[in-house]
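Peer 1: Curious how this folds, go ahead:
(2 chains)
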Amino acid sequence: MNLSFWLNGVYRHEEVEPDTMLLDFLREKGCYSVKCGCETSNCGLCTVLMDGKPVLSCSMLALRAEGKKIVTMEGMQKEAEEFGAFLADEGAEQCGFCNPGFIMNIFAMENELEDPTEEEIKEYLAGNLCRCSGFVGQTRSILKYLEYKKTKKREEAEE
Amino acid sequence: MSYVSKPVRKKDAMALVTGKPVFTNDLASKDCLIVKILRSPHANAWIEEIKTGTAKQVNGVVAVYTYKDVPRKRFTLAGQTYPELSPYDHYILDQRLRFVGDAVAIVAAETEAAAEKALKRIKVKYRVDEPVLDMHKAKDGKILVHPEEDWEAKIPVGADNKRNLCASGVEESGDVEKILGECKYTVDRTYHTKANQQAMMETFRTYCYKDYFGRLNVVSSTQVPFHVRRILGNALDIPSSKIRVIKPRIGGGFGAKQTAVTEIYPAFVTWMTGRPSKILYSRYESQICASPRHEMEIRVRAGADENGIVRALDVYTLSNAGAYGEHSPTTVGLSGHKSIALYRHTEAHRFAYDVVYTNVQAAGAYRGYGATQGIYAVESAINELAHMMKMDPVKLRELNMPMEGEPLPAYQDCITAPSCTMDQCMQRAKEMMNWDEKYPYKDMGNGKVRGVGVAMAMQGSSIAGIDVGGADMKLNEDGSYTLGLGCTDMGTGCDTILSQIAADCLETSIENIVVFGVDTDISPYDSGSYASATTYTTGMAVFQACQELRKKICALGAKMLEVNPEEVNFDGEFVFTDEEHKVSLKEVAIKGTCGNTQELQVTRTHCSPISPPPFMVGMAEVEVDKETGSVKVIDYAAVVDCGTPINPNLVRVQTEGGIVQGIGMALHEDVQYTEKGKIRNNSFMQYKIPSRLDIGDVRVEIRGSYEPSGPFGAKSIGELVINTPCPAIADAVYNATGVRVRELPITPEKVAMGILKQKLEK
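Peer 2: Presented below is the predicted three-dimensional model:
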């Protein structure tokens, strides 16, 4: 079937089987940051943005992307580096396999929540599992990153 | 510039956080055949007939293999050094099926859909036999898991396949019965732990291809590339020289990938068809036919005198190997050796064990490797002893804990503790937890009650006298160095940690160290990353290789300066005799490539005759809902002695991660079977690993001793850190409610029923 959608800012026309999952389709198109950690929508590794909202690409048919804007980490390299530096400075990226889905959800959270508390952060990201870090280092990095973004915003406003 | 003890960012961090294609399945070529396995629906069955004709006719199917097609030569999947202690009890495919999920047939097809279709078309007639599912009934039972004549234990470990025994033994020192008889206080308790899954985020996966020499190239998510090479040689019955194993980035292992869970299947397909192939285990497969922790039931008898000195410990472990014996004879040892050793005054101890085969998923290596189970049991028994004596469990430990230079009973790999700050760890943990104020509990007045619990733990640093670490240090033409490694960074950060060691030894910048690993064709031999060995063992190999390379740099520099080698110095930038007479590292490096006969490359291998234990104290504060029995860990304070922390950030994250895995084991992660031996907890829906909402504060501090036998004084950290949560949380729950749960996980049901029972008894 035909599928027309935006992938990381580029409008594309693709052929896709009706039963292909968005996750498999995106990897086929070279978006290798999108990972599969379970098959039951539990782990959050396959999180991508669809029209700015986080979705689990393992549980969504590729055809659902029709007319939508899909963004994977391949399309947010600069932002990933910016947040990733904070994660890396805690050593909390560890094996890295869960990082892309987790980080994409942080970007979604930034869009959705203004100045979230630690509790709100944990709640928002509850669906992103990580077996290496025990989450505490991740939380430290998010808090530091949000503080940095706030300062940056304030400085920009002052200028 | 010094890097040791600095929180250096991991060298691969930016690739990981930006989602670069660095993992096995990102690298697999697109023309790979997809390999799938048909799995046994029965726990104990015999294939009477298997028809693959219609399966082979499916469009896109390239091959279907059954037990008739594979070599008839048994091997083990366990990644261990010679002499392999795990029994040779595996075929690639066998006519006998030993657990629900055992491999029946291999399908290789052009597409996943074709492979799935072919699986459905394989017709199997099974003779279904009664399984042995209960580990208590396995030893000397009528049903044998491995009755075959070609079963083989390579060395004597008390194994006997005709008795379902994978290993057994008794170790004794002193007269346990006599001393226990003299003790004023004794406890005799039995504890039960389950077969937890490592649940690393990247499931098991391997891809294979043949190269231009006709050799089998294996790219795999493994902790043990060199062992995989040997295992595949055994399994395929071909010389290992025809096999090359490459390890890319690994999405977590925790011991799971110390067993060659997936490699044999695509290796066989590619060897037979000549086509590249890959296998990706689903989470479902990773839950039902992988390599989890050994289920253990541990009976502990402990005795103390009226002053609180622990004088005798008697530990009996019944360990469930499951259907195959990977890591079974070895894991059980740690359940005694690394728990009894925590009590330095022990005058007599006995450690006996039986490891039995049953018709359930085979167990393997999981972080802690038996010590986790043993420490849960012994630390719980000691807590029960303290309560019986009406003594603060912290106080009891202060009287008995390991001390530097003091004995480590039952621990053969160091007679006394060469380095130990357990006392400081306890002191600091107490302050962090505000123990004296919080012990034993506080009723919150809202139906909730908070309790605190404590436990100590130790592990080893490598397998003494066996584990080998290798490092290859080379000076390149541009003055940079290449550090070739055979150990496997699986997210733990050893590529970075070992580069920090190298940079300090060579007095250069860490950016000047190129690190590479692992390719069995190129890398120096290394046992692999397990047994908490890498920083300690390979770190020492790096240290030694760097010292040797410095000598070579000096020798060539001296030649260029036309002086004797002993007259020069090297400061990382220049080889010099004085301010006037010097050559730069770069000049030496270039000289090394032109008219030179002296290689600027050193390979060093290291093995330590001892395994100095790292130590830690963990304290848990839990909040229990008396109505529902639900338990939440609101605070966890941990203080570790890992020797010198080469990278404090990575020590901390390892500790935090290990504690949270331990919390999962203590409270959530259960493995349950149906009557027919099928695992109920076969996805993340039913097998609940902790999410970020399930944990409260986890606070970690380091009180490192200095270990003389380790690089820059380092010991290990990786496994130690999973050992305290189970006993500490179990005692915190007891202190909060008076309910003692001796079977993990401590579920709300068990706590609520315990509270109810107390009420009824009143």
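
Peer 1: Model confidence for the closest residue to B:Ala138 other than its chain neighbours, exactly?
Peer 2: Nearest residue to B:Ala138, sequence neighbours excluded (Cβ to Cβ, 6 or more residues apart in numbering or on different chains): B:Val356, at 3.8 Å. Placement of C-beta: from N, CA and C, glycine included. At B:Val356, the predicted lDDT confidence score is 98.

Peer 1: what's near enough to touch the closest residue to B:Ala13 other than its chain neighbours?
Peer 2: Closest residue to B:Ala13 apart from its sequence neighbours, by Cβ to Cβ, 6+ apart: A:Ala88 at 3.6 Å. Going by Cβ atoms under 8 Å, 6 or more residues apart in numbering or on different chains, A:Ala88 touches B:Arg9, B:Lys10, B:Ala13, B:Met14, B:Val17.

Peer 1: A:Asn105 against A:Ala126, yeah?
Peer 2: No - here A:Asn105 lies out of contact with A:Ala126, judged by Cβ atoms under 8 Å, at a distance of 9.9 Å.

Peer 1: Counting neighbours, go ahead and name the busier of those two.
Peer 2: A:Asn105 (20 against 15; other Cβ atoms under 10 Å in any protein chain shown).

Peer 1: Could you tell me how far B:Tyr734 is located from B:Leu756?
Peer 2: 16 Å (Cβ to Cβ, to the nearest Å).

Peer 1: quick one: which of the two has more around it?
Peer 2: B:Tyr734 (24 against 12).

Peer 1: my read is the more buried one is in a helix, agree?
Peer 2: Yes - assessed with DSSP: H, G, I helix; E, B strand; the rest coil, B:Tyr734 lies in a helix.

Peer 1: burial measure for the residue nearest to it when sequence neighbours are not counted, as a count.
Peer 2: Computed as Cβ to Cβ, 6+ apart, the closest residue to B:Tyr734 that is not its neighbour in sequence is B:Arg740, at 5.1 Å. Using other Cβ under 10 Å, the number of residues around B:Arg740 comes to 16.

Peer 1: Next, B:Arg740: phi, psi?
Peer 2: Dihedral pair for B:Arg740: phi -100, psi 110, per degrees, to the nearest 10.

Peer 1: Spell out which helix or strand contains B:Tyr191, please.
Peer 2: strand B:185-193 (DSSP states H and E).

Peer 1: Could you single out the nearest of the contacts of A:Ala88 to A:Glu156?
Peer 2: For those, the minimum distance to A:Glu156 (Cβ to Cβ) is 24.1 Å, reached by B:Val17.

Peer 1: Before we move on, what's the pLDDT of the closest one?
Peer 2: B:Val17 is assigned 98 on the pLDDT scale.

Peer 1: Verify the stated contact: it with A:Gly96.
Peer 2: Yes - between B:Val17 and A:Gly96 there is a contact at 7.0 Å, judged by Cβ under 8 Å.

Peer 1: Spell out the secondary structure type for B:Pro613.
Peer 2: Following three-state DSSP, the label given to B:Pro613 is coil.

Peer 1: and stretch B:534-547, is it in reach of chain A?
Peer 2: No - using Cβ under 8 Å from any Cβ of the partner chain, stretch B:534-547 never reaches chain A; the gap is at least 14.0 Å.

Peer 1: List the buried residues for that stretch?
Peer 2: Across stretch B:534-547, burial judged by 16 or more other Cβ atoms under 10 Å in any protein chain shown covers B:534-546.

Peer 1: quick one: contacts for B:Lys626?
Peer 2: B:Gly447, B:Lys448, B:Val449, B:Thr737, B:Ile755.

Peer 1: burial count for residue 129?
Peer 2: In the absence of a named chain, chain A is used. Neighbours around A:Leu129, by other Cβ under 10 Å: 23.

Peer 1: The intended chain is chain B.
Peer 2: B:Asp129 has 15 neighbouring residues, counting by other Cβ under 10 Å.

Peer 1: ditto for the one 3 residues further on
Peer 2: The criterion is other Cβ under 10 Å. On that basis, B:Val132 has 24 neighbouring residues.

Peer 1: which parts of the strand or helix carrying B:Glu177 are buried?
Peer 2: Counting by DSSP H and E, the element that carries B:Glu177 is helix B:176-182. With burial defined by 16+ other Cβ under 10 Å, the residues of helix B:176-182 counted as buried are B:Val176, B:Ile179, B:Leu180.

Peer 1: secondary structure element for the most centrally placed residue in chain A?
Peer 2: What sits nearest the mean C-alpha location of chain A, by Cα atoms, centre = their mean, is A:Met104, with 1.4 Å. Assessed by DSSP H and E, A:Met104 sits inside helix A:99-112.

Peer 1: Which residues does that helix contact?
Peer 2: Under the contact criterion Cβ under 8 Å, 6+ apart, helix A:99-112 has outside partners A:33-35, A:37, A:43-49, A:52-54, A:71-73, A:76, A:79-80, A:83-84, A:87, A:93, A:116, A:121, A:124-125, A:127-128, A:130, A:138, A:142, A:145-146, A:149, B:16-17, B:19.

Peer 1: What residues does the stretch 201-350 of chain B have near chain A?
Peer 2: Going by Cβ under 8 Å from any Cβ, the residues of the stretch 201-350 of chain B near chain A are B:Met201, B:Glu202, B:Thr203, B:Arg249, B:Ile250, B:Gly251, B:Gly252, B:Phe254, B:Ser282, B:Arg283, B:Tyr284.

Peer 1: Mind giving me the ChimeraX select for the residues you listed, buried ones only?
Peer 2: Selection of buried members from those for ChimeraX, criterion 16+ other Cβ under 10 Å:
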select /B:201,202,203,249,250,251,252,254,282,283,284
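
Peer 1: Just give me the closest of the residues of the stretch 201-350 of chain B next to chain A to B:Thr330.
Peer 2: The closest of those, once distances to B:Thr330 are taken by Cβ to Cβ, is B:Phe254, at 16.5 Å.

Peer 1: Could you tell me how far the strand holding B:Tyr191 lies from the centre of the chain?
Peer 2: Here strand B:185-193 is found 26 Å from its chain centre; the criterion is Cα atoms, centre = their mean, to the nearest Å.
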